Structure formats: structure tokens, C-alpha cells
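S.K.: here is the input, now give the coordinates:
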Amino acid sequence: MAKRSISNASCTATVMDRGATILSWHPEGAHEALFVTRDANPDAEFHGGIPICAPWFGMGREGVEVPHKHGLVRWVDWDFQGVKDLNGATELTWTLDQESVAHLPGAEAYPRDLRYRYEATFGARLDVALTIESPTEPVVVDSALHTYFLVNNVRQSEVHGLGGAPLEVRGAHDAIHFGALDDGGVDIRLPDRIISVEAEGARDVIVWNPGQEYAEGLDDFAGEDWARMLCVEVGNVQRHAIEIPAGGSHTMAMTIRIASRSHSLIG
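M.R.: The predicted model follows:
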């Protein structure tokens, strides 16, 4: 399970091959964007960074039984394909085939030749793209980018762009906002900065915080860790799961930017 460090003129970042999980992205002149629990364990349910949820999300869709939460691909090391310099940004690419997860419970419900590709470009903004390809069989897949944002104090956060009034999260919260991305992106507004999240090929936004009581039952949350994070995830889940035809593919992309409350968005 390799960890990889990125440093360029625009940012520093850290990733690991387990789940192709981004652990840190810190743009120059801005705040670290991502939260990771202090006792995070890559071999257990990982709380932090940007885990990839596929081919199911949560406990799956109605009428579909799954053995555990959030899919298969986060439990194994992805195949690192290389790094590319892009004018002040750095692109990393991973791939994964279904054979690599065939030993995991639930894998038998999906085509044996299902394939994944993940591209992440680290610069003044963070761009990621997840492509799922099914060469020979039609398949229905849920997918989500389970992003843990560092917010310092969740009680001082607001999520804008979900429709209606801004969402204030003061403790335990778990909700899917179906179709929230149909009309554009979302912003997380903090006292000192705004985190902007845009997506293509994704319709839904999931907002989650465990709250104090639930966090106390999680092995890797310590003290007030829960109050320093807010998950604002993009995806296609449950009734918006993607139908990929035989020979087809689907790409879901996300862009994250950070701005101070007094300056324009970086990147």
C-alpha cells in the first residue's frame, strides 16, 4: 500500500494506492482542504480524504442486498499508472479491474470485466474523474466521491446550493439531496473561506457528519474530531444509480476550489 507525495508550484498533496484515496490537498496560499481522522486505519473503514464509493453506495439500492457499506473499490490497492506534469499541476492516474476485488463479498453481483479508471490533477484547484466501464454486460452502479472537508468547527459551516435555505450542520446529519447538482455546484461557507464543489456526470449531493455520539463508537474518531469535518459528497446513488450498457462507460468528475471570504476562488 504505497503513499505518494505531490509538491508543485501550486500545491502539496498526499495520496495512497489503497482505494486510490486522496488524503491531503493544500493549495498554495489557501487552507488544507481535506480532513483525515487522527487514528485513521486504511485496512478498516477509512474516515478521511476522498474515498471512492463504487459499485454501490451506503447499503445499496432498494431491492439490492450488499454485505457492507460503500462498495468494493476502497478496500484494495489500485494499479498506479503514472504521473504527469501539467504546467504547475500534477496528474496521477490509477486503474482497477473487477478481478482485483473478486475475493470480496458482493463482487459476484457485478460483471467480471468491470473496469475503473481514476485521474486526479493537483494544482491551484483539485480535479478528479472516475470512469467505470463495462465491456460486455449491462450493469447498474452507484458511485460517489466521499469527500471529507476540513472545516475547523462544523457548527460554523453552511452548505449553499442544495435548494432552499442554506443547510446548517450542528451535529449528527446524514441526508441525500437528490438532483442537487442538476442546477449547478455547491459551496461550503466557513467564517474565513469558501470551498466550491462542482461536478459533471453526477446528480446528487450527500451531506454527512457523525455527530458526537456516533463518532464515539467509531474506532478512529478521537475527541472532537467529528466537529472538524463535514462530508459533502457528489455522486449518483440509489434511484439515480447509473445504467451502463454493454460496451459503455460513465465518467463522473469533480472540481474543488478554495477562496478566502475576501478573495476570488483560487484556480
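S.K.: in a strand, I132, correct?
M.R.: Yes - counting by DSSP: H, G, I helix; E, B strand; the rest coil, I132 falls inside a strand.
S.K.: any idea which helix or strand in the protein has the lowest mean pLDDT?
M.R.: helix 211-216 (a mean of 92; mean pLDDT, DSSP states H and E).
S.K.: what comes up buried for stretch 149-159?
M.R.: F149, L150, V151, N152, V154, S157, V159 (16 or more other CB atoms under 10 Å). Glycine gets a C-beta too; all of them are placed from N, C-alpha and C.
S.K.: is the first one bridged to anything, and to what?
M.R.: Partner residues in beta bridges with F149, using DSSP bridges, are L34, L230.
S.K.: cool, the last one as well?
M.R.: Beta-bridge pairing for V159 (DSSP bridges): L167, I188.
S.K.: quick one: contacts for it?
M.R.: Contact analysis of V159 by CB atoms under 8 Å, 6 or more residues apart in numbering lists P166, L167, V169, V186, D187, I188, R189, V207, L230, V232.
S.K.: where are the low-confidence patches of the chain?
M.R.: Scanning the chain for pLDDT under 70 picks out the ranges 1, 262-267.
S.K.: where's the spatially most central residue of it relative to E198, distance?
M.R.: Nearest to the mean C-alpha position of the chain, counting by CA atoms, centre = their mean, stands L145 at 2.5 Å. To E198, L145 is 12 Å away according to CB to CB, to the nearest Å.
S.K.: so what sits against both of those two?
M.R.: M254.
S.K.: related to what we said a few turns ago, in JSON lines: the contacts of V159, plus distance to R117 and neighbour count.
M.R.: Formatted as JSON lines, those follow (distance: CB to CB, whole Å; neighbours: other CB atoms under 10 Å):
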{"residue": "P166", "distance to R117": "35", "neighbour count": "12"}
{"residue": "L167", "distance to R117": "32", "neighbour count": "21"}
{"residue": "V169", "distance to R117": "33", "neighbour count": "22"}
{"residue": "V186", "distance to R117": "25", "neighbour count": "21"}
{"residue": "D187", "distance to R117": "29", "neighbour count": "21"}
{"residue": "I188", "distance to R117": "28", "neighbour count": "25"}
{"residue": "R189", "distance to R117": "33", "neighbour count": "15"}
{"residue": "V207", "distance to R117": "27", "neighbour count": "20"}
{"residue": "L230", "distance to R117": "28", "neighbour count": "25"}
{"residue": "V232", "distance to R117": "24", "neighbour count": "28"}
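S.K.: closest one of these to F35?
M.R.: L230 (8.1 Å; CB to CB).
S.K.: so that closest one makes contact with I188?
M.R.: Yes - here L230 reaches I188: they are 6.6 Å apart, a contact under CB atoms under 8 Å.
S.K.: which residues do those two both contact?
M.R.: Joint contacts of L230 and I188 (CB under 8 Å, 6+ apart) are F149, V151, S157, V159.
S.K.: show me the contacts for the third one.
M.R.: When the contact criterion is CB under 8 Å, 6+ apart, the partners of S157 are V151, E168, V169, I188, R189, L190, L230.
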